[in-house]
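Engineer: Okay, predicted coordinates and the sequence, questions at the end:
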Protein chains: 2
Amino acid sequence: MTSSRKPGLPQAKLRVMMPGGDWIGPGKADLLEGIEATGSISAAGKRMRMSYKRAWGLVETLNRMFSEPLVSASRGGAGHGGAELTATGREVLALYRQMQHRTENALSQEIAALSRLTDIPAEK
Amino acid sequence: MTSSRKPGLPQAKLRVMMPGGDWIGPGKADLLEGIEATGSISAAGKRMRMSYKRAWGLVETLNRMFSEPLVSASRGGAGHGGAELTATGREVLALYRQMQHRTENALSQEIAALSRLTDIPAEK
DNA sequence: CACCGTTATCTCCGGTCGGACATAACGACG
DNA sequence: CGTCGTTATGTCCGACCGGAGATAACGGTG
């Protein structure tokens, strides 16, 4: 062994700034995914250990960001209320995941180079 | 004209998470560039309309992130003190800019698709 | 040895963010 | 028509962030 290194590789995260000044990043993407998986804003928030207030605020922002809402929510009713992604919502989520994968693939070279710069040079 | 759109395209910003929990994003990259250009932490901060305290804190973080400092600063002396990028600093800055360009190129397709989702559909 | 501009460090403070909690509305269902 | 779980909305509060400003250290230079 000639050098040691902090555990874990550098990791690129993506934030897509939208024209209105809002943005979508890993947090909102995960929340969308959680809503798709659980059918509920509060459950999706709970999964991420985030208060309902915050989860609801993020959804409100997401719904403002595009010309059509990404999340459709309903109170009461058969399933005692719930939420689901709209077609636009699924599309935006898929696009963000696609962007994530593309960046990961595009940056592996530089990630490795940065990781080397966290090496602790061996003793002379 | 069949649709209108908010001005400006979506824009991807990159945040590279480093193993220690710190990260480097557009702000720290611009600050490094400013230090390289001005030879001073305070001048670089001023250019970005940021307090010296904040600029100095960012530099401290940057110097902790890698195995060698990115910025070398000196008080007093010939030029009344100043700061410059180390070789590692220049390398990290170049790598980040490279990553920026690669992501821009890799994501143009999805950026365009997201932009279409901010269109306001034409009247029927 | 005083001067200079920058680095380095401190305190104070206002704005912001998010959590915790409370409350109400909702609407099908039994 | 009461029950239920969720959405929707509010208040209160502590944590954190960053700016403003003060102060000192530094070390060549004149």
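Structural biologist: Ah, there it is. For clarity, every value in this text was computed on a predicted model and none was experimentally measured.
Engineer: Just confirm yes or no for the longest strand anywhere in chain A near chain B.
Structural biologist: Of all segments of type strand in chain A, defined using DSSP state E, the longest is strand A:11-17. Yes. Using C-beta under 8 Å from any C-beta of the partner chain, strand A:11-17 reaches chain B at A:11, A:12, A:13, A:14, A:15, A:16, A:17. Every C-beta, even on glycine, is put in place using the N, C-alpha and C of the backbone.
Engineer: can you list those in CSV and add neighbour count?
Structural biologist: Listed next are these as CSV, based on neighbours: other C-beta atoms under 10 Å in any protein chain shown:
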residue, neighbour count
A:11, 14
A:12, 22
A:13, 16
A:14, 21
A:15, 17
A:16, 23
A:17, 16
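Engineer: any idea which of those is closest to DNA strand D?
Structural biologist: residue A:15 (14.7 Å; C-beta to the nearest atom of the strand).
Engineer: Which pLDDT value does the model give the residue nearest the centre of chain A?
Structural biologist: Closest residue to the average C-alpha location of chain A: residue A:26 at 2.2 Å, with C-alpha atoms, centre = their mean. Here the pLDDT value assigned to residue A:26 is 98.
Engineer: all helices of chain A, in order?
Structural biologist: Here chain A has its helices, by DSSP state H, at A:26-38, A:41-47, A:52-65, A:87-116.
Engineer: Export those as TSV, with columns for distance to chain B.
Structural biologist: Shown next, in TSV, are the helices of chain A (distance: least, C-beta to the nearest C-beta, whole Å):
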stretch	distance to chain B
helix A:26-38	9
helix A:41-47	21
helix A:52-65	8
helix A:87-116	4
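Engineer: Mind checking these for the one nearest to residue B:5?
Structural biologist: helix A:52-65 (13.2 Å; C-beta to C-beta).
Engineer: Contacts for the closest one, please.
Structural biologist: With C-beta atoms under 8 Å, 6 or more residues apart in numbering or on different chains as the test, helix A:52-65 has contacts from A:18, A:20, A:22, A:24, A:27-28, A:31-32, A:35, A:41-42, A:44-46, A:48, A:69-71, A:73, A:83, A:89, B:118.
Engineer: Show me which of these are buried.
Structural biologist: Neighbour counting by 16 or more other C-beta atoms under 10 Å in any protein chain shown classes A:18, A:24, A:28, A:31-32, A:35, A:41-42, A:44-45, A:69-71, A:83, A:89, B:118 among those as buried.
Engineer: circling back: just give the nearest non-adjacent residue to the residue nearest to the centre of chain A, would you?
Structural biologist: If the residues on either side of it in the chain are set aside, residue A:26 comes closest to residue A:13, at 5.4 Å by C-beta to C-beta, 6 or more residues apart in numbering or on different chains.
Engineer: What separation is there between the one you found and residue B:36?
Structural biologist: 25 Å (C-beta to C-beta, to the nearest Å).
Engineer: Over to residue A:100?
Structural biologist: From residue A:100 over to residue B:36 (counting by C-beta to C-beta), the distance is 31 Å.
Engineer: ok, now residue A:116?
Structural biologist: Residue A:116 is 21 Å from residue B:36, where distance means C-beta to C-beta.
Engineer: Could you do residue A:90 as well?
Structural biologist: 44 Å.
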